[in-house]
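Engineer: when you get a sec, could you give me coordinates for this:
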Amino acid sequence: MLLPLYRTISTAGAPVISWYLRRRLAHGKEDRQRFNERKGISQTPRPSGPLIWIHGASIGESLTVLPLIDRLLETFPSLHVLVTSGTVTSATLLDERLPRGAIHQYVPIDRHHYVRRFLDHWRPELAILTESEFWPNLVTITGDRRIPLILVNGRMSPESFAGWQKIPGLMSRMLRCFSLCLAQANTDANRLRALGAPRVAVLGNLKYATPALPANMEGLDFLRDHIGPRPCWLAASTHSGEEALIGRVHLALKNIYPELITIIVPRHPDRGEAIAKALSADHLTVMRRSSGDAIVSTTDIYLADTLGELGLFFRLSPISFMGKSLVDQGGQNPLEPARLGSAVLFGPHMWNFADISRRLIDADAAEEVTDVGSLTAAVDRLLADPGLCENRGRKGTIVAESENKVLDQVANALNPHICKAIADRRST
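Structural biologist: Numbers count the residues shown, from 1 in each chain. Alright, predicted model coming up:
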């Protein structure tokens with residue numbers, strides 16, 4: 001009952017959807033050159049032969065599936081992989097890092113007409129969705145075409161679970177389209193089963209299989225030379241509202257460490273100008289990486305408003321606070337700094353990474369903070385005790401490397417489905 005209503009609203013709401021997309025385009029949140037892809041229109045021809053479609057929402061999901069894409073193309077040389085995502089930043093990253101045999105497109109907006117047009121063009125033999133990408137038209141139209149669907153690294157937050165429980169019929173209808181749901185953890189698996197997923201398994205979290213983020217080592221050496229012996233710490237993947245809090249932490253710590261440098265890497269670099277203005281208004285000296293500003297003796301904040309350089313800054317800083325966690329938005333992946341030996345801090349809102357953050361805390365590899373005061377105290381403890389900081393980093397690396405077989409397990413679970421998809425393609 002709800003699915004026809006959703007389709008009616010998403011069809012009749014075309015003017016509102018168009019206005020929303022134009023607004024995003026004006027704010028740089030859509031790709032002007034490839035905007036038609038959001039309507040299911042592609043200028044890229046479909047390659048001949050078997051093709052599977054893998055979808056991840058944004059940068060985090062895209063990074064997670066890269067090792068899986070490499071493995072599948074290595075195992076099945078005749079295979080082509082279509083990778084979709086919904087953000088400009090993820091498209092930029094994927095264009096740089098996708099292997100030969102993989103193609104990136106923007107995922108179509110979840111309108112019936114757009115999704116049908118997308119599927120008509122690409123005709124995938126198999127669709128793999130990641131984490132929590134449950135779009136009613138995207139899922140059910142794919143399923144109705146008898147294209148096998150698999151959920152990989154499936155996640156169901158408490159908030160999402162509560163929301164879907166209010167409309168169980170729609171979620172059950174979507175989940176019945178999946179041949180297999182591979183959940184990140186038992187909690188996610190139980191929630192998916194409760195909502196109607198017919199076949200669920202837990203093989204581990206693919207985020208543990210993601211290699212260390214890359215870095216320009218010459219750039220790293222350059223920054224190390226310019227910072228020298230000055231103490232520094234990093235606030236990574238911050239979101240709106242957090243940078244002002246980080247600025248307050250810096251001001252408090254500066255009374256103890258006068259030469260302190262705080263590095264801020266916002267999740268969305270296009271916010272750099274606004275962040276710099278706000279921090280400067282608080283009497284902080286801000287240098288912006290995107291403007292080519294150099295670190296000087298008076299620098300308080302080094303604002304790295306660039307894309308794809310977190311690997312450099314996790315290596316540079318012995319302490320990393322993960323953003324999106326002091327604001328109630330679910331956190332960012334703490335395995336990224338842990339894998340590189342940086343001592344990890346995060347706020348109380350880590351529900352997108354609940355199992356990972358719990359494991360890091362249980363291993364004494366991370367610490368949860370709740371506000372400016374506790375974050376200030378935590379950074380102070382780590383700056384004052386390099387041994388504690390290094391020990392946390394070592395323990396974090398151990399946790400990050402603790403599920404090194406998860407990629408093998410997930411790939412082995414997918415292989416029979418891909419073999420069938422290739423066989424079905426050859427028989428047509």
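Engineer: quick one: the most centrally placed residue in the chain from Leu79, how far?
Structural biologist: Centroid-nearest residue in the chain, with C-alpha atoms, centre = their mean: Gly60, separated by 1.4 Å. Note on Gly60: its distance to Leu79, by C-beta to C-beta, to the nearest Å, is 24 Å. C-beta here means a position set from N, CA and C on the backbone, and glycine is covered the same way.
Engineer: do Asp355 as well
Structural biologist: Using C-beta to C-beta, Asp355 is found at 31 Å from Leu79.
Engineer: quick one: which of the two has more around it?
Structural biologist: More neighbours surround Leu79 than the other of Asp355 and Leu79, with 23 against 16 (other C-beta atoms under 10 Å).
Engineer: contacts for the helix or strand harbouring Thr140?
Structural biologist: Under the criterion of DSSP states H and E, Thr140 resides in helix 136-144. Outside of helix 136-144, the residues within contact range by C-beta atoms under 8 Å, 6 or more residues apart in numbering are 3, 6-7, 10, 55, 107-108, 110-112, 115-116, 119, 127, 129, 149, 170, 173-174, 176-178.
Engineer: swap in stretch 61-73?
Structural biologist: With C-beta under 8 Å, 6+ apart, stretch 61-73 has contacts from 52, 54, 56, 79, 81, 83, 85, 90, 93-94, 97-102, 130-131, 133, 152-153, 206-207, 209-211, 213, 407, 410-411, 414, 418.
Engineer: restricting to C-alpha, output the helix holding Thr140 in PDB.
Structural biologist: The C-alpha trace of helix 136-144 is given here as PDB (Å, rounded to 0.1, in the frame of the first residue of the first chain):
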ATOM      1  CA  PRO A 136      12.100   2.200  -2.400                       C
ATOM      2  CA  ASN A 137      12.000   2.700  -6.200                       C
ATOM      3  CA  LEU A 138      15.700   1.800  -6.600                       C
ATOM      4  CA  VAL A 139      15.300  -1.500  -4.700                       C
ATOM      5  CA  THR A 140      11.900  -2.600  -5.800                       C
ATOM      6  CA  ILE A 141      12.200  -1.800  -9.500                       C
ATOM      7  CA  THR A 142      15.500  -3.600  -9.600                       C
ATOM      8  CA  GLY A 143      13.900  -6.600  -7.800                       C
ATOM      9  CA  ASP A 144      10.900  -6.600 -10.000                       C
END
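Engineer: now do the buried residues in it.
Structural biologist: For helix 136-144, the neighbour count (16 or more other C-beta atoms under 10 Å) marks Pro136, Asn137, Leu138, Val139, Thr140, Ile141, Thr142, Gly143 as buried.
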